[in-house]
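**Student:** Give me the fold of what follows.
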Amino acid sequence: MKWLKKTLIGAGLGVFAALLVWLITRYTAHDLFYTYEAKTYDWRIKKKFEKRPTIDDIIIVDIDERANQKLGKYSQWPRKYHAQIVDFLHRAGAMAIGLDILYDRDIWQPDQDREFVRTVREAGNVYTAIYFAKADSDNWLPVMKSEPEGFEAERFYYTMPLENASRFRREERMESRFVELLNASRGVGHVNFNGDIDGIVRRIHLFTNFNHHLYPTLGFKIFMDALGVDSVLFDVRNQVMNLYRENERLMGIPTDEYGNMYINWAGPFKTFRYISFYDVLKAEERNLPPEIFKNKIVLLGTSLAGLYDLRNVPFQRAFPGVEIHANIIYTLINQNFITKMNEKSTLLLLILIGVVLGLILIRTKPLFSVAFSIVLGFLYVIVVTIIFFEQNYWIEIIAPLMTILLSFSLIYVYRYITEEKDKRFIRSTFSHFVTKSVVDELLANPEKIKLGGEKKECTVLFSDVAGFTTISEQLEPEELVQLLNEYLTEMTNIVFKYDGMLDKYEGDAIMAVFGAPIERGNHAYQACATALEMQEKLSAMREVWKRQNRPELYMRIGINTGPMVVGNMGSESRFDYTVMGDAVNLGARLEPANKIYGTNIMIGEGTVKKAGDTIIVRPLDLLRVKGKTEPVWVYELVGLSEKGLSDDMLRVIDLFKKGLNHYLKRDWDSAINYFMQALAIRENDGPSQCYLERCNFFKENPPAEDWDGVYTQTTK
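**Tutor:** Purely as a prediction, here's the structure:
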């Protein structure tokens, strides 16, 4: 259940991050983030360019610097130059001629204007430009209610249902006033380029809505006539511009929701063939072969900065508008359209990214999480870039990367608030009671501990100083504190050495737990090794204290292993991480029971079984401890198997076991014999002295017939 809760929280945070990014990038700061996203589009466009031969399908006749130098300033050119160019291109067999020039009547050359109009009409394949502008009341340029007088608008505009047409950009004024030239053309198209928020031209509005009439862009009009299109319909829902001929759908052009088509740029400046206006005008002198124009789309425009037709495009700050038209036509001819992932799919993508990150980051370590997020971001950019190159499919980069960053941030804020809180609790709870290595392991793997409580097998160690009350009465308070601190410091260090947890001090008494909060090795063995080393260290300390004329301390230890409840115990305002249960209580009773047998370390049967052959013990008694009804076997901890015992001690243990066996059979004399032999080897052997006294007592006062050998502890 905890795993499921954590998983759901991670996924939820990821979804929240995705929705927050969506809200910010679409509503709160749309313009800002669209600009950044558009820059990634520009970067992909530039990376997409390959070295390729000049494209000859579309030829640009350029009013360039060379023509300006050879023919004089453009503003002073006679109109007949344009008529001659159109006539030459028509006779050369050009499929279509697009004039990306805004012409006005020349009151000084009316005859040449009439000749120009006649030439355009006779050619029959010339497309001229119209331009739309905003109303300007300060300069007496009001909103126009209709097309210019005399303009044969019905020949050139398209219509759609109002709900579709209303999606297109609406214009207020048509500034083209040379209507005779427009009427002589096969078609007209607007030459307005409206950049994005940052002023960069990335898409073209295929239609402009003026006076509820739809006028196509110049390049789009040329393409539609070449295809024979007679009607169009904008599918707003699917964002597709459908082209029809005699009610037959010819193709669909993917657009945005406003009917704008993304331009699939063929390459940088002069990717298309440029020929100077001067060279075409002087074709015979320049030996320019007319056949290069045969069946080609020819656009007349300018790359001169002074004629104000240079635009900011994704890869160049000043790019000729005429070549933009060439790119539009080339995109349409090749049907090599750029499609942008729609809003619904983009939102689902963000949610997917957020969920994936949430599921992974909620349970991984910080270093892996950082690495995974960075790698995911890089892989995402690489994949969507490849998709753009191969499929012309624009998938956003900025919003998904923001989702990755925000998902990471939210998840780690949550983890800091929750897990770091737990870690701070773990650190404050255990830093004084276990070694630093244990604390570090708990912090790294908090799942190893259940602070709320759990039942597990552990080993408890209780130690107490014999006769401490008498000793404390002999010392000044400062001396007593110093002596006790020296003793507790050394004993605690040994507990930590064997990965024990210091549960508490009670005056001179120590309670330690092995196997909690985490288990590292055989906790029964660790507790036994701790007890033996504590006694060994205390013996060395007594030698020092003896030379210093200070009291000598002796210690008794009780150890028991068994199931116990481990966790936080106490009230809401104050609690400790400790252990409780019958096994704990038995361990506490074994410590004072040492006095009965004259031993230093007494352990329970559970400890003997858990430690196995790693320790050396001798059975002491079948003891019924105070407060319990069921007797238990108790043992004296004599040593560690790895260190061994002296031959004398091994002999004493063997004799004691034989004596104990006869004692339980009520064979008092034989038992006394064995205990006496043991005392002959080790005269201060406490257990042998204890049983010697019992045998002598029972010889004089035989126990009842139902005596089972159990000894009942009557004092703590």
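**Student:** Give me the domain ranges for this structure.
**Tutor:** When the chain is parsed with automatic domain parsing, its domains come out as 2-22+341-426, 54-340, 446-644, 646-716.
**Student:** May I see those arranged in TSV, with distance to Trp43, mean pLDDT and mean neighbour count as well?
**Tutor:** Bear in mind the C-beta positions are built from the backbone N, C-alpha and C, glycine included. Below are those laid out as TSV (distance: least, CB to CB, whole Å; pLDDT from 0 to 100; neighbours: other CB atoms under 10 Å):
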stretch	distance to Trp43	mean pLDDT	mean neighbour count
domain 2-22+341-426	9	91	17
domain 54-340	8	94	18
domain 446-644	44	88	18
domain 646-716	81	91	15
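**Student:** Can you redo these as CSV, where the extra columns are distance to Lys39?
**Tutor:** Compiled in CSV, the domains of the chain are given as follows (distance: least, CB to CB, whole Å):
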stretch, distance to Lys39
domain 2-22+341-426, 9
domain 54-340, 8
domain 446-644, 43
domain 646-716, 81
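**Student:** looking at those domains, which is closest to Glu37?
**Tutor:** Among the domains of the chain, domain 2-22+341-426 comes nearest to Glu37, with 4.5 Å by CB to CB.
**Student:** Quick one: distance of the closest one to the chain centre.
**Tutor:** 4 Å (CA atoms, centre = their mean, to the nearest Å).
**Student:** hang on, the earlier thing: so for Tyr34, which of the domains of the chain sits nearest?
**Tutor:** domain 54-340 (6.1 Å).
**Student:** End to end on the closest one, go ahead and measure it.
**Tutor:** For domain 54-340, the separation between the terminal residues is 28 Å (CA to CA, to the nearest Å).
**Student:** And stretch 486-498, how far out from the chain middle?
**Tutor:** 44 Å.
**Student:** er, stretch 63-70 I mean
**Tutor:** Centroid separation between stretch 63-70 and its chain, computed with CA atoms, centre = their mean, is 58 Å.
**Student:** In PDB, list the C-alpha atoms belonging to that stretch.
**Tutor:** Taking Å, rounded to 0.1, in the frame of the first residue of the first chain, the C-alpha atoms of stretch 63-70 are listed here in PDB:
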ATOM      1  CA  ILE A  63      16.300  43.900 -59.300                       C
ATOM      2  CA  ASP A  64      19.700  43.800 -57.800                       C
ATOM      3  CA  GLU A  65      22.700  46.100 -57.200                       C
ATOM      4  CA  ARG A  66      24.100  45.300 -60.700                       C
ATOM      5  CA  ALA A  67      20.800  46.300 -62.400                       C
ATOM      6  CA  ASN A  68      20.700  49.400 -60.300                       C
ATOM      7  CA  GLN A  69      24.200  50.400 -61.400                       C
ATOM      8  CA  LYS A  70      23.700  49.500 -65.100                       C
END
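**Student:** for this protein, longest strand please?
**Tutor:** If you go by DSSP state E, the chain has its longest strand at strand 555-570.
**Student:** Give the other helices and strands that that strand contacts.
**Tutor:** If you count contacts as 3 or more CB pairs under 8 Å, 6 or more residues apart in numbering; DSSP states H and E, strand 555-570 packs onto strand 454-465, helix 523-547, strand 575-580, helix 582-597, strand 601-604, helix 605-611.
**Student:** Glu636 is nearest to which of the ones you listed?
**Tutor:** strand 601-604 (6.1 Å).
**Student:** Partner strands of that closest one, with direction?
**Tutor:** Here strand 601-604 is paired, per DSSP bridges, with strand 555-570 (parallel), strand 632-640 (antiparallel).
**Student:** Can you add distance to Lys270 and give those strands back as TSV?
**Tutor:** What follows is the strands paired with strand 601-604, written out as TSV (distance: least, CB to CB, whole Å):
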stretch	distance to Lys270
strand 555-570	78
strand 632-640	90
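**Student:** which one of those lies closest to Met649?
**Tutor:** Here strand 632-640 is closest among the strands paired with strand 601-604 (CB to CB), at 6.8 Å.
**Student:** so what does the following helix or strand past that closest one touch, helix or strand wise?
**Tutor:** Using DSSP states H and E, the helix or strand that follows strand 632-640 in sequence is helix 647-664. Counting contacts by 3+ CB pairs under 8 Å, 6+ apart, helix 647-664 packs against strand 615-624, strand 632-640, helix 668-681, helix 686-700.
**Student:** follow-up on the earlier one: which one of the strands paired with strand 601-604 lies closest to Gly604?
**Tutor:** Per CB to CB, nearest to Gly604 of the strands paired with strand 601-604: strand 555-570, 3.8 Å.
**Student:** got the angle between that closest one and helix 582-597?
**Tutor:** Strand 555-570 runs at 160 degrees relative to helix 582-597, counting by axes from the mean of the first three to the mean of the last three CA atoms, to 10 degrees.
**Student:** Mind checking the domains of the chain for the one nearest to Ala38?
**Tutor:** Checking the domains of the chain against Ala38 by CB to CB gives domain 54-340 as the closest, at 5.7 Å.
**Student:** Tell me how far the most centrally placed residue in the chain lies from Tyr414.
**Tutor:** Nearest to the geometric centre of the chain sits Phe408, at 3.8 Å (CA atoms, centre = their mean). Taking CB to CB, to the nearest Å as the measure, Phe408 falls 11 Å from Tyr414.
**Student:** What are the boundaries of the helices in the stretch 51-200 of the chain?
**Tutor:** Using DSSP state H, counting those that start in this stretch, the helices found in the stretch 51-200 of the chain span residues 65-71, 80-91, 110-123, 162-165, 179-184.
**Student:** for these, which one sits closest to Asn238?
**Tutor:** That would be, of these and by CB to CB, helix 162-165, which comes in at 12.1 Å.
**Student:** Run through the neighbouring helices and strands of the closest one.
**Tutor:** Using 3+ CB pairs under 8 Å, 6+ apart: helix 162-165 touches strand 231-235.
**Student:** quick one: strands adjacent to the helix or strand that the strand it packs on is followed by?
**Tutor:** Next along the chain after strand 231-235, taking DSSP H and E as the criterion, comes strand 240-245. Partners of strand 240-245 in the sheet, by DSSP bridges, are strand 231-235 (antiparallel), strand 248-254 (antiparallel).
**Student:** ok, back up a step: is it correct that the residue nearest to the centre of the chain is in contact with Ile362?
**Tutor:** No. Using CB atoms under 8 Å, Phe408 makes no contact with Ile362, being 10.8 Å away.
**Student:** Mind listing residues that contact stretch 303-321?
**Tutor:** 41-42, 45-46, 49, 60, 62-65, 68, 74, 100, 191, 193, 195, 199-202, 265, 268-269, 274, 301-302, 322-324 (CB atoms under 8 Å, 6 or more residues apart in numbering).
**Student:** Now do the phi/psi pair for Pro517.
**Tutor:** phi -70, psi -20 (degrees, to the nearest 10).
**Student:** Start the count at 45 instead of 1 going forward.
**Tutor:** Sure thing, new numbering starts at 45, so read that last one as Pro561.
**Student:** any idea how far it lies from Glu498?
**Tutor:** Pro561 is 10 Å from Glu498, by CB to CB.
**Student:** Mutual contacts of these two, please.
**Tutor:** Contacts common to Pro561 and Glu498, judged by CB under 8 Å, 6+ apart, are Val610.
**Student:** residue ranges for the strands of the stretch 345-494 of the chain, please.
**Tutor:** 354-357, 360-364, 383-384, 437-438 (DSSP state E, counting those that start in this stretch).
**Student:** just the stretch 145-294 of the chain next, same as before
**Tutor:** Going by DSSP E, counting those that start in this stretch, the stretch 145-294 of the chain shows strands at 170-174, 176-177, 213-214, 217-218, 231-234, 247-249, 251-254, 257-260, 275-279, 284-289, 292-298.
**Student:** Need those in CSV (columns: distance to Ser690).
**Tutor:** CSV is the format used below for the strands of the stretch 145-294 of the chain (distance: least, CB to CB, whole Å):
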stretch, distance to Ser690
strand 170-174, 114
strand 176-177, 111
strand 213-214, 104
strand 217-218, 115
strand 231-234, 110
strand 247-249, 96
strand 251-254, 107
strand 257-260, 110
strand 275-279, 100
strand 284-289, 98
strand 292-298, 94
